[in-house]
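Visitor: task: produce atomic coordinates for the following.
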Amino acid sequence: MSLMNDIINEQTKQGNLGGKNGTLGKKSSSSDNIVNFFIITGEITDSSFDNSVDPYVRIGTIDNKDNIKWFLKTPVRNNTKKPSWSYEINHDIKLDQIKKLAIEMHHKTLLSSKSIGEATIDISNIENQSMIYETIQIFDPKDKSKSVGSVYLSIEIK
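Guide: This is a model prediction of the structure:
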């Protein structure tokens, strides 16, 4: 938490700034952070996929019991191993509770989808950095040591 939030919390406890039910009191008690996700591009390096692959990415929060709650899915990009999404979304995340994100790339088929690869992103230090621009390596779901592609994205606390 920031110094400003600590000051607002303390002033609110003392009954200042409208008290706990005032505008700032409600804001300071919320542990949600608005996080901006910008999925820029990707690349599939696995030779088992040809140029007719139709990739999309999804991202979810991982709780302390390793359950994933999916909140982001990019549009499908057809017939490319180097998709460009430029897809942006804001999402509320309790950064004091959520420390990891799951990212998966899938190939959309006619009736379902096939996993291309997956990765986990540690976001425990994101408040210190404020913004992350990173190329995330994704790995084969069956062989976690085999890189099958990447996703270039940014994550920013608003």
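Visitor: state the number of residues packed around Glu10.
Guide: Other residues near Glu10 come to 12 when the count uses other Cβ atoms under 10 Å. Yep, even glycine has a C-beta here, placed from its N, CA and C like the rest.
Visitor: check the secondary structure at it for me.
Guide: helix (DSSP: H, G, I helix; E, B strand; the rest coil).
Visitor: and the closest residue to Lys114 other than its chain neighbours, how far from Val148?
Guide: Spatially, and ignoring its direct neighbours in sequence, Lys114 is nearest to His107 (4.6 Å; Cβ to Cβ, 6 or more residues apart in numbering). Between His107 and Val148 the distance is 11 Å, computed by Cβ to Cβ, to the nearest Å.
Visitor: list residues touching both of the two?
Guide: Common neighbours of His107 and Val148, using Cβ atoms under 8 Å, 6 or more residues apart in numbering, are Ile116.
Visitor: quick one: which of these two has more around it?
Guide: When neighbours are counted by other Cβ under 10 Å, Val148 comes out ahead of the other of His107 and Val148, with 22 against 17.
Visitor: list the contacts of the more buried one.
Guide: Residues near Val148 by Cβ under 8 Å, 6+ apart: 44-46, 116-117, 138-140.
Visitor: give me the low-pLDDT residue ranges for the protein?
Guide: For the chain, the stretches with pLDDT under 70 are 1-6, 9, 12-13, 17-31, 128-129.
Visitor: what about the longest strand in it?
Guide: The strand spanning the most residues in the chain, taking DSSP state E as the definition, is strand 32-44.
Visitor: residues contacting the helix or strand just after that one, please?
Guide: Note on strand 32-44: by DSSP states H and E, the next helix or strand toward the C-terminus is strand 55-62. By Cβ under 8 Å, 6+ apart, the residues outside strand 55-62 that reach it are 37, 39, 42, 44, 68-77, 80-81, 83, 85, 93, 98-108, 113, 116, 120, 151.
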